[in-house]
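**Student:** sequence first, predicted model second:
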Protein chains: 2
Amino acid sequence: MRIGELARRAGTSTRTLRYYETHGLVRPGRSANGYRVYDEAELRVVHEIRSLLAIGFGLDDIRPFVACLRAGHDSGDVCPDSVAVLRRKLAEVDDYLDRLGTVRRRLHDQLARAITHREETCLRTRGPAG
Amino acid sequence: MRIGELARRAGTSTRTLRYYETHGLVRPGRSANGYRVYDEAELRVVHEIRSLLAIGFGLDDIRPFVACLRAGHDSGDVCPDSVAVLRRKLAEVDDYLDRLGTVRRRLHDQLARAITHREETCLRTRGPAG
DNA sequence: GGTTGCCTTGACGTCGGCGGCAAGGTCTAG
DNA sequence: CTAGACCTTGCCGCCGACGTCAAGGCAACC
């Protein structure tokens, strides 16, 4: 399979696949004329990359998962390095959830106060002026 | 007050203040020699900018708040445009909280399954091999 | 042999909020 | 007079995951 077909089947672009390659995540062979040649397993690898990217992983975080797949495991999650990354990411997400919750509260309060203030202003305005 | 003093008092850099100016958020006068001159009110404006940036607003989102302060209100929140931005941002944060919660669940499950799988693998490995 | 379609490498553009540096003007204290 | 502290404009760099050309090679079909 060449790069165009893999891109179509993985739902991404050829540019993206080359980008992954420069970052050591995808490893195609080469045909006689220099074209990249991918086997079926690479499709699985690309799917793994895409789904991890989609939940906020960076390419560096993803490397262990790909290595785990390449090591023959049927899932990229099961190797120690992958588990370590999963733990770290879970902690990061928890932390971010905390901070985002705080932000939400501040936004909510700010909005409430702004609206209250506007109503008071309206009353004051209507009083003397109306 | 010149740019250096404002930067110190606002806890930021001169570069940052010039950046805000290019984006229409801060408006200094000029002294005879070309130096920027800020009045006390600009310190308040910069604080408003900083606190809104800190909770995830972009400079474009912040503009209405600054305009509100400049319009003479004692808070940047109370003008209709500011309230609209607050509502939109609250909705965005809620949306992001949802998605991040989903990610958290997926991470949690993935971690749980990975660890379970590893234990099973350990048992299988210990069985025939040990 | 010409067109079409796929492939190659290389290099610059994107978004946002600045950091940092260069080259020079200005003011003040000693 | 000079050092140094401040100011000016302008421009490149950064991060990350790519998009978007550009210029050219390769393969297949008519």
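**Tutor:** Yep, that arrived. In this text the structure is predicted, and so the values were computed from the model without any measurement.

**Student:** please compute how far the helix or strand of chain A with the lowest mean pLDDT lies from its chain's middle.
**Tutor:** Within chain A, no helix or strand scores below helix A:80-129, which has a mean of 84 by mean pLDDT, DSSP states H and E. Averaged C-alpha coordinates place helix A:80-129 at 23 Å from its chain's average position (C-alpha atoms, centre = their mean, to the nearest Å).

**Student:** tilt between that helix and helix B:80-129?
**Tutor:** 160 degrees (axes from the mean of the first three to the mean of the last three C-alpha atoms, to 10 degrees).

**Student:** other SSEs contacting helix A:80-129?
**Tutor:** On a contact count with 3 or more C-beta pairs under 8 Å, 6 or more residues apart in numbering or on different chains; DSSP states H and E, helix A:80-129 meets helix A:59-70, helix B:80-129. Where you see a C-beta, it was placed from the backbone N, CA and C, and this is true even at glycine.

**Student:** once you drop chain neighbours, what's closest to the residue in chain A that DNA strand C sits nearest to?
**Tutor:** Closest to DNA strand C within chain A is A:Gly4: 2.3 Å, counting by C-beta to the nearest atom of the strand. In space, and not counting its chain neighbours, A:Gly4 is closest to A:Thr14: 6.1 Å by C-beta to C-beta, 6 or more residues apart in numbering or on different chains.

**Student:** on that earlier part again, deepest of the helices and strands packed on helix A:80-129, which one?
**Tutor:** Of these, the one with the most neighbours on average (mean count of other C-beta atoms under 10 Å in any protein chain shown) is helix A:59-70, at a mean of 19.
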